[in-house]
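A.B. asks: What follows is a predicted protein model with its sequence.
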Amino acid sequence: MKKKQTTKSDAAEALMYPREMFPVDKLDPHPDNPRQHTETQLKDLARSFKENGWTQPIVAKKKRGGRGLIAAGHGRHQAALMLFRGGDQAYEKIPVVWVPWSDNKLRAYVVLDNKLGDGSTWDKIGLKAFMEGIMRADGETFTGFNEAEIEALMQIGESPDDFPGIGEDLEIQHQCPKCGYEWSGKAKQ
């Protein structure tokens, strides 16, 4: 693949792509978008909109006939459309960033936008502490994790019921790389 050298003016121009509130039903998903969204995910997105407001615009390219073709935000669009068609007029128009890209660059961004999130992982011990703080505080606690996921998360670092305890005379320290549980053990002789 050819690499285009990005200049300072390219970067500055990208920061200034036009934005507007645009009718949700005049945006079209990219027909070749390989990313799929579950019904549960769409309901979680809709709940997040209701509780937190809209925090990330759709990225789209203008099409003929006053429509837009989505490059990023397919799930957000589907969730907003679901709310609008369900009678919630607050989602009649949603924030859109308009990009002037070629069709091929738009197609590449459809994949890039979805791929970028795949490279991240959770620091499970840090996430557990973060979630404990959220659960202790007053107010809303919707994080996108379901009850079973939260319960499993809260078990991280806890000893399984049938796991032997730590002895004072043991020489070796261990930590499970998956859950973070620590234990000691004496080497068998």
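C.D. replies: That came through fine. Keep in mind that this is a model prediction, so the values were computed, not measured.

A.B. asks: Would you work out how far apart the start and end of stretch 106-126 are?
C.D. replies: End-to-end span of stretch 106-126 (CA to CA, to the nearest Å): 36 Å.

A.B. asks: Contacts for it, please.
C.D. replies: Stretch 106-126 is touched from outside by 30, 32-35, 59, 61, 69, 71-72, 99, 101, 153, 156-157, 179-180, with contacts defined as CB atoms under 8 Å, 6 or more residues apart in numbering. C-beta coordinates here come from the backbone N, C-alpha and C atoms, glycine included.

A.B. asks: Return a ChimeraX selection command for the buried portion of those residues.
C.D. replies: Entered in ChimeraX, the line below selects the buried ones among these, by 16 or more other CB atoms under 10 Å:
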select :30,33,59,61,69,71,72,99,153,156,179
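
A.B. asks: Of the contacts of stretch 106-126, which belong to strands?
C.D. replies: Counted as lying in strands by DSSP state E, out of the contacts of stretch 106-126, are V59, K61, L69, A71, A72.

A.B. asks: JSON lines please, covering those residues and showing distance to Q78 and pLDDT.
C.D. replies: As requested, the ones in strands among the contacts of stretch 106-126 are arranged in JSON lines below (distance: CB to CB, whole Å; pLDDT from 0 to 100):
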{"residue": "V59", "distance to Q78": "15", "pLDDT": "97"}
{"residue": "K61", "distance to Q78": "18", "pLDDT": "97"}
{"residue": "L69", "distance to Q78": "15", "pLDDT": "97"}
{"residue": "A71", "distance to Q78": "15", "pLDDT": "96"}
{"residue": "A72", "distance to Q78": "13", "pLDDT": "96"}
